[in-house]
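J.: build me a model from this:
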Amino acid sequence: MYTLVGAGILTNGIRIHYYRTERHDRPRRSPSLVLLHGITDSGLCWPRVAQALAGDYDLILPDARGHGLSDKPATGYAPQDHAADVAGLISGLSLERPVLIGHSMGGGVAATVAALYPDLVSGVVLEDPPWRPGNGEGTPQEQAARAAEWRKDILDRKAMPTAKLIAQRKREQPKWADEEFTDWIVAKQQVSPEVTQYITAPRLPWREVARRIVCPALLIAADPVQGAIVTPEVAAEAVSLMQHGQVAHIVDAGHNIRRDQFEAYMTAVREFLAKTT
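T.: The predicted model follows:
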């Protein structure tokens, strides 16, 4: 078993809350991993991954700005803002070139950190980042519509009784293990609607981000028919742009790859970490 200890750190002008694992049976100088959650989740939304990796690694699980127990500013939700937060966290905690593992928004942020702060990280794992075909972002109108839909979902979930929200999510996600739901529900109550600015904020095109990633990178992709964002064509192009990129395709999984197919996801992650840390 492991213990999660919560703390806060000032970075990029705001307070970022994070959790860190403690295990007395772990090697004293274990490699560090920073786990970056998706939009509307929180640092606690990695229960099975943390359980699987805590024996071998020093895990840091931050709440992104606007999420969990971190500060919730009115503005500043571009990928570059999130990346600066993570860079400040790494420097502030004196982490020695950790591997970043990110899901969805967190995957995009992890990639941006690797692109803009290459000396701070030794590798990245990108679980279905928001890298789309074409220009990758859609038109401004499509972005605005997507942000408005997310904002409505956030407000609707905040107003929904917990028992009803859990029942709804279990119907929607029958592949998820029971331990995935509790912290997912709490995160939905904590998140600020302002986080949807991430969707419409200016950013580097994903191809430029991928081109700048010089550390080892694992892109974990799944099935777009089941809701995954990254298509096979995007995955192939992305890894061709990275200097040391590789892709793991997980079958029978959608956007929440680690929740849909945990064992296959962990096999890919462990194989990558064994070569990287």
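J.: checking the nearest residue to Ile60 once chain neighbours are set aside next. Helix, strand or coil?
T.: Excluding the flanking residues, the one nearest Ile60 by C-beta to C-beta, 6 or more residues apart in numbering is Val34, at 4.8 Å. C-betas here are computed from N, CA, C, even on glycine. Following DSSP: H, G, I helix; E, B strand; the rest coil, Val34 is assigned to strand.
J.: how about the strands in the protein?
T.: With DSSP state E as the definition, the chain shows strands at residue ranges 3-11, 14-22, 32-36, 58-62, 99-103, 123-127, 216-221, 244-249.
J.: can I get these in TSV including mean neighbour count and mean pLDDT?
T.: TSV is the format used below for the strands of the chain (neighbours: other C-beta atoms under 10 Å; pLDDT from 0 to 100):
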stretch	mean neighbour count	mean pLDDT
strand 3-11	14	96
strand 14-22	19	97
strand 32-36	26	99
strand 58-62	25	98
strand 99-103	28	99
strand 123-127	29	99
strand 216-221	26	99
strand 244-249	18	98
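J.: in JSON lines: the ones you listed, plus distance to Thr267.
T.: Putting the strands of the chain into JSON lines (distance: least, C-beta to C-beta, whole Å) gives the following:
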{"stretch": "strand 3-11", "distance to Thr267": "24"}
{"stretch": "strand 14-22", "distance to Thr267": "21"}
{"stretch": "strand 32-36", "distance to Thr267": "16"}
{"stretch": "strand 58-62", "distance to Thr267": "19"}
{"stretch": "strand 99-103", "distance to Thr267": "14"}
{"stretch": "strand 123-127", "distance to Thr267": "13"}
{"stretch": "strand 216-221", "distance to Thr267": "11"}
{"stretch": "strand 244-249", "distance to Thr267": "8"}
